[in-house]
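Colleague: Take this sequence and fold it.
(chains A and B)
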Amino acid sequence: MEKMLKLKYLVFINFIFSLLFIFQKAPSAANDETEALANSYANLVSHYYEEVFIKTRDMVESINAFIANPNQNSLNAAKNKWIEARTIYGITEAFRFYGGPKDGVNKYGEEGPEGMVNAWPLNEAYIDYVEGNPEAGIINNLTYKITSESIISANMSEDDADVSTGWHAIEFLLWGQDSSLETAGIRPAKDYEPINNINNRRRAYLSKVSILLLEHITWLKDQWSDNGEGRKAFLTMPDPGGAILTGIATLAGFELSAERIATALDSGDPEDEHSCFSDQTHNDVRANFNGIKNVYLGSGLNGKTFYPSVSIFVANKNPNLHKTIIKILNNTSASINNITVPFDKMLSEPKNSSGRQAAEKTVSNLLAFAENIIKAGKDLSWNVIIAE
Amino acid sequence: MECNNCRIKNIIRFVFSLLVVLLFFTTVEKINSKEYLPIMDLEISVKRETRESFSAPIPALELSKMRLFTGGRHLFRRSWTPAPSSVKSLDGLGPVFNRVSCSGCHVKDGRGRPPTKDNKFKSMVIKLSIKDKDKIFPDPNYGFQLNDKSILGVPYEGKAKITYNLKTVYFKDKKSVELSVPNYSFSSLSFGPLHKNTKYSGRVAPAVFGLGLIEAIKKEDILENADPQDINNDNISGRVHLVLDVPSQKNVVGRFGWKATRGTLLHHVTGAASEDMGITSFIFPKQNCMPIQIDCANQIAGGKEEISKVQIHRLVVYMQTLAPPRQRNVQNKEVIEGNILFNNIGCNNCHTPAYITGKHKTHPELSNRIIKPYSDFLLHDMGSGLDDGVKEGNAKSYEWKTPPLWGIGLVKTVNRHTRFLHDGRANSIEEAILWHNGEGLKSKEGYISLNEIERNKILKFLNSL
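Modeller: I've put the predicted structure just below:
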């Protein structure tokens, strides 16, 4: 009987909460101010995806030119285009973690392309030859037909690190394994000369996997365009402010700080840097940070602004908190500048090295940012959940 | 501008939830008490329907611990290499093993499966044992588990193959389903045939989310459901599997593994590292090579403890703090009706829906939470169909721990298959139900006697978990 009472009590509490939910949450969805915020955010997201699309298209063109005429110059050109595209792409990672088009499931039950675009860590031997195993990977497995479909179905099919698609697969195909702390990977352009079957397979793989990435980026761009399904779904979310803050708080407090920086610092393994073939991890960190900052402030490229931004809401509600957040953003920017390059060399250094300390500082600044964003969410009655 | 519309929607929503709540109040005393605990605590469960559904940390996890969580995840996914190797922190694979990474079997923190057409065992192992009276012994040449891979210069133990015979089961409405009965054969055995008394049993990798919450369930709550003598006469006994916890050298309540052979995650993680990957630790310091496997025993180890205490700690924290997914479509009429049917045919007698966790020793975030794992964590006689002769610890060959059902409807999304039971013989949730015998017989018969619409409601409910 006692148990029953306890149960009834719990059910009652649940009931009260559902009442609160109905009276508090739902009306805020129709609030004019948050509606304006949702619109300006959608415009900002669209603005960046348009730019990633252009840069990724440039990269694909450059990769095609390299495959058509493989030499060191055309390879370098393709690598530079990868870096340029990636610098913008990193910003768009702030548009994740709230079930949006990138990593959620839409009303048709389709899952976003996140796992196809940026899966990591990547076991390079799954794709191509590595030191000590010249016949490794899909490219050297002659029984495996290389098509867009087969590359997609191979992605993480048997192990999470068996990544066959996305930025890091292209990165490995352009740079190759990085076994030096001083330089990035040094894959020779002749890997792509059409002189044998394996090279032809490698050419096909690189071509198909980069087109796949462009397709996924195009899809994302279209999702957020004026009439895009993803935009429509976002605009009808009951708590868009919570979603926006969840995105940047999770990127800061989980994905960038813990998953990408702290984990590498803790293992100290040079292979654990995010862009380990190209040694561009410092750029990744900067780009992710720019995403966090730009979403908070509503900043676009070339001085473009998207208002109202979440920062305006925070500043109106709690000016001191806004000031604190700005201060943390500035500190984070400074600490990122002090992370020494290349990132893998920094990882191999002793704990008290200046580069490592700057990376640690970056981690703690990002955590502080996330904590303050959670506070801001509470002040504004927006629901912010890290890493959900 | 659209607010009028919103208000109407809100009112409808309010009325509906009022009805749901009233339903709770009216049914709560009739049905098994724990059934109508409210949904899982939001702080320890996640709402996801993607391939990442099993991979999120519990939302309540302290930000300062995220680093441990992601460090553990990283180790879970990284491949181990033979010693000596350039990455010292990750060498010591084998000499004999089944997979080179944790995530190789527990793909996306989810569930393994039997081989596809290529017949490669990628997320499944074969357990071996010889029973002599009430004691069990390893196969003299192959030990308790067949390791089908090895590092260079060491022979692997052997390869297994599964074929299936079909067996038809009829529903009361004359519709039928074909069940697959597995047959095992072995080849390329490096040290001669298996011992004539050796029995074998396939085991797929179970999903690894929610384990910290299971660790936090109060011992009394598990003991309370046990009825080894079937005093209440419901044909369901339910036995606690008391097991020796190797790290603490104490007898504890078994909670993890297909036969509840382990009671703590420290034991579970280090045991799996040793058995499945050949990685030694401070808990299991010996390489797992049987005496006849001389090349295996002579290999260089990757340090005295191939996986360090710090690494183990991260892995354990990762296992403890992966969040279970919340039930979906909770308010769907068919799901609610399916739930009621599930209870009516007695599934909830063993698949105990809910608990309030006790105090977790290391993570207060896991303490005092409402969870809905749908398991009593007890051993049950599941009948001869699921008896493959392998006894483990005190669990008899025909006894299996009630597996938790949370997340079962997301296996298809996360792992892209629907293979269930310990050896993945069931090709669907329905087939898994039809394999229930012994203490599960009554519920299975209940299921068989339902009509197709009702059966689908139960499946819809299970798929919402």
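
Colleague: For residue A:278, give me its contacts.
Modeller: By Cβ atoms under 8 Å, 6 or more residues apart in numbering or on different chains, residue A:278 lies in contact with A:79, A:82-83, A:171, A:174-175, A:178, A:184-185. Just so you know, the C-beta spots here come from the backbone N, C-alpha and C atoms, and that holds for glycine as well.

Colleague: As TSV, these with secondary structure and pLDDT would be great.
Modeller: What follows is the contacts of residue A:278, written out as TSV (DSSP: H, G, I helix; E, B strand; the rest coil; pLDDT from 0 to 100):
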residue	secondary structure	pLDDT
A:79	helix	98
A:82	helix	98
A:83	helix	98
A:171	helix	98
A:174	helix	98
A:175	helix	98
A:178	coil	90
A:184	coil	94
A:185	coil	94
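
Colleague: tell me, which of the residues you listed make contact with chain B?
Modeller: Taking Cβ under 8 Å from any Cβ of the partner chain, there is no overlap between these and the neighbourhood of chain B.

Colleague: how about the residues you listed in a markdown table, adding neighbour count?
Modeller: Below are the contacts of residue A:278 laid out as a markdown table (neighbours: other Cβ atoms under 10 Å in any protein chain shown):
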| residue | neighbour count |
| --- | --- |
| A:79 | 23 |
| A:82 | 27 |
| A:83 | 16 |
| A:171 | 25 |
| A:174 | 27 |
| A:175 | 22 |
| A:178 | 24 |
| A:184 | 20 |
| A:185 | 19 |
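
Colleague: out of the residues you listed, who's nearest chain B?
Modeller: In terms of Cβ to the nearest Cβ, no member of these lies closer to chain B than residue A:178, at 12.2 Å.

Colleague: Tell me if I'm right that that closest one and residue A:184 touch.
Modeller: Yes. Judged on Cβ atoms under 8 Å, residue A:178 makes contact with residue A:184 at a distance of 5.5 Å.

Colleague: intersection of neighbour lists for the two?
Modeller: Residues within reach of residue A:178 and of residue A:184 at once, by Cβ under 8 Å, 6+ apart, are A:277-279.

Colleague: Of those, which belong to helices?
Modeller: Using DSSP state H, no member of the shared contacts of residue A:178 and residue A:184 falls in helices.

Colleague: Now flag whichever of those residues is closest to residue B:129.
Modeller: Nearest to residue B:129 among the shared contacts of residue A:178 and residue A:184: residue A:277, at 45.7 Å, using Cβ to Cβ.

Colleague: Can I get stretch A:213-224 in PDB? Just the C-alpha atoms.
Modeller: Taking C-alpha atoms only, stretch A:213-224 is exported to PDB below (Å, rounded to 0.1, in the frame of the first residue of the first chain):
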ATOM      1  CA  LEU A 213      30.400  15.000 -50.000                       C
ATOM      2  CA  LEU A 214      29.300  17.700 -52.400                       C
ATOM      3  CA  GLU A 215      25.900  16.000 -52.700                       C
ATOM      4  CA  HIS A 216      25.500  15.900 -48.900                       C
ATOM      5  CA  ILE A 217      26.500  19.600 -48.600                       C
ATOM      6  CA  THR A 218      24.100  20.500 -51.400                       C
ATOM      7  CA  TRP A 219      21.300  18.700 -49.600                       C
ATOM      8  CA  LEU A 220      22.100  20.600 -46.400                       C
ATOM      9  CA  LYS A 221      22.100  23.900 -48.300                       C
ATOM     10  CA  ASP A 222      18.700  23.100 -49.800                       C
ATOM     11  CA  GLN A 223      17.300  22.100 -46.500                       C
ATOM     12  CA  TRP A 224      18.000  25.600 -45.100                       C
END
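
Colleague: Next up, the contacts around residue A:93.
Modeller: Per Cβ under 8 Å, 6+ apart, neighbours of residue A:93: A:118, A:251, A:255, A:287-288, A:291.

Colleague: what about 10 Å?
Modeller: A:102-103, A:114, A:117-118, A:247-248, A:251, A:255-256, A:284, A:287-288, A:291-292 (Cβ atoms under 10 Å, 6 or more residues apart in numbering or on different chains).

Colleague: ditto for residue B:74
Modeller: Counted by Cβ under 10 Å, 6+ apart, residue B:74 has contacts A:121, A:161, A:258-259, A:262-264, A:266-267, A:269, A:272, B:311, B:314-315, B:318.

Colleague: Farthest pair within the residues you listed?
Modeller: Among those, A:161 and A:262 lie farthest apart (Cβ to Cβ), at 19.1 Å.

Colleague: So what's the residue count around residue B:134?
Modeller: 8 (other Cβ atoms under 10 Å in any protein chain shown).

Colleague: Can you read off the backbone torsions of it?
Modeller: Dihedral pair for residue B:134: phi -100, psi 0, per degrees, to the nearest 10.

Colleague: Can you read off the pLDDT for the residue lying closest to residue B:190 once chain neighbours are set aside?
Modeller: Excluding the flanking residues, the one nearest residue B:190 by Cβ to Cβ, 6 or more residues apart in numbering or on different chains is residue B:155, at 3.9 Å. pLDDT for residue B:155: 94.

Colleague: burial measure for residue B:155, as a count.
Modeller: Using other Cβ under 10 Å, residue B:155 has 15 other residues around it.

Colleague: Residue numbers of the stretch 251-388 of chain A in contact with chain B?
Modeller: A:252-255, A:257-272, A:363-364, A:366-368, A:370-371, A:374, A:383, A:385-388 (Cβ under 10 Å from any Cβ of the partner chain).

Colleague: Low-confidence ranges, the stretch 301-450 of chain B, go.
Modeller: For the stretch 301-450 of chain B, no stretch is flagged by pLDDT under 70.

Colleague: Now do the strands in it.
Modeller: Under the criterion DSSP state E, counting those that start in this stretch, the stretch 301-450 of chain B contains strands at B:355-356, B:370-371, B:379-381, B:399-401.

Colleague: Tabulate those (CSV), appending distance to residue B:161 and mean neighbour count.
Modeller: Formatted as CSV, these follow (distance: least, Cβ to Cβ, whole Å; neighbours: other Cβ atoms under 10 Å in any protein chain shown):
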stretch, distance to residue B:161, mean neighbour count
strand B:355-356, 40, 20
strand B:370-371, 39, 22
strand B:379-381, 29, 23
strand B:399-401, 24, 24
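
Colleague: Same list (those) but as a markdown table, adding distance to residue A:334.
Modeller: Formatted as a markdown table, the strands of the stretch 301-450 of chain B follow (distance: least, Cβ to Cβ, whole Å):
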| stretch | distance to residue A:334 |
| --- | --- |
| strand B:355-356 | 47 |
| strand B:370-371 | 43 |
| strand B:379-381 | 59 |
| strand B:399-401 | 54 |
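
Colleague: Figure out which of the ones you listed is closest to residue B:431.
Modeller: That would be strand B:399-401 among the strands of the stretch 301-450 of chain B, by Cβ to Cβ, at 15.7 Å.

Colleague: Which residues does that closest one contact?
Modeller: By Cβ under 10 Å, 6+ apart, the surrounding residues in contact with strand B:399-401 are B:237, B:239, B:241, B:254-261, B:350, B:375-383, B:386-387, B:391-392, B:395, B:421-422, B:438-440.

Colleague: Give me the spatial nearest neighbour of residue B:434, chain neighbours excluded.
Modeller: In space, residue B:434 is closest to residue B:169, 5.1 Å off (Cβ to Cβ, 6+ apart).

Colleague: what is that neighbour paired to in the beta sheet?
Modeller: residue B:177 (DSSP bridges).

Colleague: and it, how many neighbours?
Modeller: 15.

Colleague: per-residue pLDDT, it?
Modeller: 96.

Colleague: Next: the one 4 residues further on.
Modeller: Each residue has a pLDDT score; the one for residue B:173 is 94.
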